[in-house]
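Colleague: Any chance you can model this:
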Amino acid sequence: MADRKPIASWLTDMDGVLIHEGVPIPGADAFIKKLRESGKPFLVLTNNSIYTGRDLHARLRRMGLEVPIENIWTSALATAQFLDDQRPNGSAYVIGEAGLTTALHDIGYILTDHEPDYVVLGETRTYSFEAMTKAVRLINDGARFICTNPDETGPSAEGPLPATGAVAALITKATGKQPYFAGKPNPLMMRTGLNTIGAHSESSAMIGDRMDTDVLAGIEAGMQTFLVLTGLTRPEQVEDFPYRPSQVVDSIADLVDLV
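Modeller: Residues are numbered from 1 along each chain as shown. Purely as a prediction, here's the structure:
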């Protein structure tokens, strides 16, 4: 295997890597502190489109992790960047929370249910049957179908919750139209994130806890990849996949000295 360039920038997933159920994972604070002291470009990524960067900055700060707003990259921001590139100053019917609606407002999009260019689906705490019905009808009338991420379930204290991918499947079944997913494992999310911090994939690394999203997206974006075992993918599952991370480590604490 060809020698890789030294790692000059870092992308890391948030849930399962830095935090777990609202608590920092040991080593996360040291890793973020070392990154900030090094001056290397970095981003904290999440497929969750509910929260704005400002929201996540505040949530992480309460946990003792100091991540500047400009170092947070969500699937909502990646979706907005994609739409701004594809159809500037367009319009969208949105099912989602503030993270998504704010991102679209910030690029100058009009949010409307009258002949929108797109139907954009993201996470929300309350999926409305009325809103899903409207989405189906608008797609049938010609609106293009975009989804922030393909995650089928999300975590909660009570157990798994249906997430964006599951709702997208319902809309697809009703319309026959597949959405374009902007978030992980689409490498688009990585590439647009790298562009925002002026980084290059050949000298960047991605840290994640899921083989099927984080590691896959990192590989397809041309990055080095590190799988941590503090989240969803278990050690015995790694060999089930037809691709491998550059390295498997126990936790983020094992990567502090690489920064």
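Colleague: For the stretch 1-150 of the chain, just list every one of the strands.
Modeller: Counting by DSSP state E, counting those that start in this stretch, residue ranges of the strands within the stretch 1-150 of the chain are 9-13, 19-20, 23-24, 42-46, 72-74, 91-95, 110-111, 118-121, 144-147.
Colleague: could you measure K33 against A253, distance?
Modeller: From K33 over to A253 the distance is 12 Å, taken as Cβ to Cβ, to the nearest Å. The way it works is simple: take the backbone N, C-alpha and C, and place the C-beta from them, glycine included.
Colleague: Let me fix that, I meant to ask about D209.
Modeller: Taking Cβ to Cβ as the measure, D209 falls 14 Å from A253.
Colleague: Out of the strands of the stretch 1-150 of the chain, flag the one nearest T175.
Modeller: Between T175 and the strands of the stretch 1-150 of the chain, the shortest separation by Cβ to Cβ is 7.3 Å, and it involves strand 144-147.
Colleague: Can you list the residue ranges for helices in the stretch 151-259 of the chain?
Modeller: For the stretch 151-259 of the chain, the helices defined by DSSP state H, counting those that start in this stretch cover 164-175, 187-196, 216-220.
Colleague: Now do the first one and strand 91-95, the angle between them.
Modeller: Compare the direction of helix 164-175 with that of strand 91-95 by axes from the mean of the first three to the mean of the last three Cα atoms, to 10 degrees and you get 110 degrees.
Colleague: what does helix 164-175 rub up against?
Modeller: Surrounding helix 164-175, the residues in contact under the criterion Cβ atoms under 8 Å, 6 or more residues apart in numbering are 49, 95, 119, 121-123, 127, 132, 135-136, 139-140, 145, 147-153, 177-179, 181.
Colleague: where's stretch 16-35 relative to the chain centroid, distance-wise?
Modeller: Mean C-alpha position of stretch 16-35 versus that of the full chain (Cα atoms, centre = their mean, to the nearest Å) differs by 17 Å.
Colleague: now do stretch 203-220
Modeller: Taking the mean of its C-alpha atoms, stretch 203-220 sits 11 Å from the chain's own mean (Cα atoms, centre = their mean).
Colleague: rewinding a little: could you pick out the buried ones from the contacts of helix 164-175?
Modeller: Listed as buried from these are 49, 95, 119, 121-123, 127, 132, 135-136, 139, 145, 147-151, 179, 181; burial here means 16 or more other Cβ atoms under 10 Å.
Colleague: Show residues contacting the worst-scoring helix or strand of the chain on mean pLDDT.
Modeller: Least confident helix or strand of the chain, by mean pLDDT, DSSP states H and E, is strand 153-154 with a mean of 80. Residues outside strand 153-154 that contact it (Cβ under 8 Å, 6+ apart) are 48, 123, 160-163, 166.
Colleague: If anything else comes up later, I'll come back, but that's it for now.
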